[in-house]
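[1] My questions concern the predicted model and sequence given below.
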Amino acid sequence: MISKTMQDALNAQINLEQYSAQLYLAMSAHCTGKSFKGFAHWLTVQASEETAHAAKLIGFLLDRGGRLELKPVAAPPTDFGGVIQVFEQTLAHEKSITGRISALFEQARKEKDYASEIALQWYVTEQVEEEAHVGEIVDHLHAVGDQGGGIWYLDSRMGKRGKV
Ligand code: FEO
């Protein structure tokens with residue numbers, strides 16, 4: 001049986017993953033509004049990934065006999081600036097999620113909750129991948145700038161991201 005503290009922490013993380021999905025959907029709509037359909041597509045796929053992250057945590061919590069307590073999901077902003085700023089904000093958000101996953105992992109360790117620790121390892125690895133991937137996009141965006149043909153080329157490449 002999972003501890004109450006770990007249950008609360010996992011419920012909070014589930015809410016954050018759901019917020020991440022909302023945030024990326026809002027960013028996607030923002031990019032669509034600027035006719036960057038490829039960036040918008042990438043962010044929609046990312047939103048689906050976040051929903052899957054939440055679902056995976058829900059499954060784990062229930063398998064441990066925990067109680068799912070869904071809370072209202074905060075409304076994301078509606079304006080994110082230019083595309084470079086959108087992805088800089090994405091990277092900053094992923095870094096903050098990494099911090100939360102590290103804190104959860106630390107708590108599992110402190111409680112000697114080995115099952116949670118092992119489940120959270122997947123998220124630790126996933127965050128390394130997410131930060132690296134978004135960091136690369138930010139670097140490419142800085143390299144091409146937000147004017148000229150380069151950004152449209154990047155947009156078409158981003159539109160090729162496969163579905164989750
Ligand atoms: Fe679920 Fe992008 O971290």
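    In hand now; what should we look at?
[2] Which single residue of this protein approaches the ligand most closely?
    Closest approach of the chain to the ligand (C-beta to the nearest ligand atom) occurs at His53, with a separation of 3.8 Å. Every C-beta, even on glycine, is put in place using the N, C-alpha and C of the backbone.
[3] and that residue, how many neighbours?
    Other residues near His53 number 23, with proximity taken as other C-beta atoms under 10 Å.
[4] Also Leu70?
    11.
[5] just Ile118 next, same as before
    Neighbour count for Ile118, taken as other C-beta under 10 Å: 11.
[6] Please apply the same query to Ala119.
    For Ala119, which is what you asked about, the neighbour count (other C-beta under 10 Å) is 21.
[7] element containing the residue of the chain closest to the ligand, please.
    Following DSSP states H and E, the helix or strand that holds His53 is helix 37-63.
[8] now that helix, how far from the centre of its chain.
    7 Å (C-alpha atoms, centre = their mean, to the nearest Å).
[9] if we can go back for a sec, list the contacts of the closest residue to the residue of the chain closest to the ligand other than its chain neighbours.
    Of all residues beyond its chain neighbours, the one nearest His53 is Glu17 (4.4 Å), with distances taken as C-beta to C-beta, 6 or more residues apart in numbering. Shown here is Glu17, whose contacts under the criterion C-beta atoms under 8 Å, 6 or more residues apart in numbering are 50-51, 53-54, 57.
[10] Only alpha carbons, please: show the lowest-mean-pLDDT helix or strand in the chain as PDB.
    The element with the least model confidence among the helices and strands of the chain, by mean pLDDT, DSSP states H and E, is helix 149-158, at a mean of 94. C-alpha atoms of helix 149-158 as PDB (Å, rounded to 0.1, in the frame of the first residue of the first chain):
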ATOM      1  CA  GLY A 149      13.100  31.000 -44.900                       C
ATOM      2  CA  GLY A 150      14.900  29.000 -42.200                       C
ATOM      3  CA  ILE A 151      12.000  29.100 -39.800                       C
ATOM      4  CA  TRP A 152       9.600  27.800 -42.500                       C
ATOM      5  CA  TYR A 153      12.000  25.000 -43.200                       C
ATOM      6  CA  LEU A 154      12.000  24.100 -39.500                       C
ATOM      7  CA  ASP A 155       8.200  24.400 -39.400                       C
ATOM      8  CA  SER A 156       7.900  21.800 -42.200                       C
ATOM      9  CA  ARG A 157      10.300  19.500 -40.400                       C
ATOM     10  CA  MET A 158       8.400  19.800 -37.100                       C
END
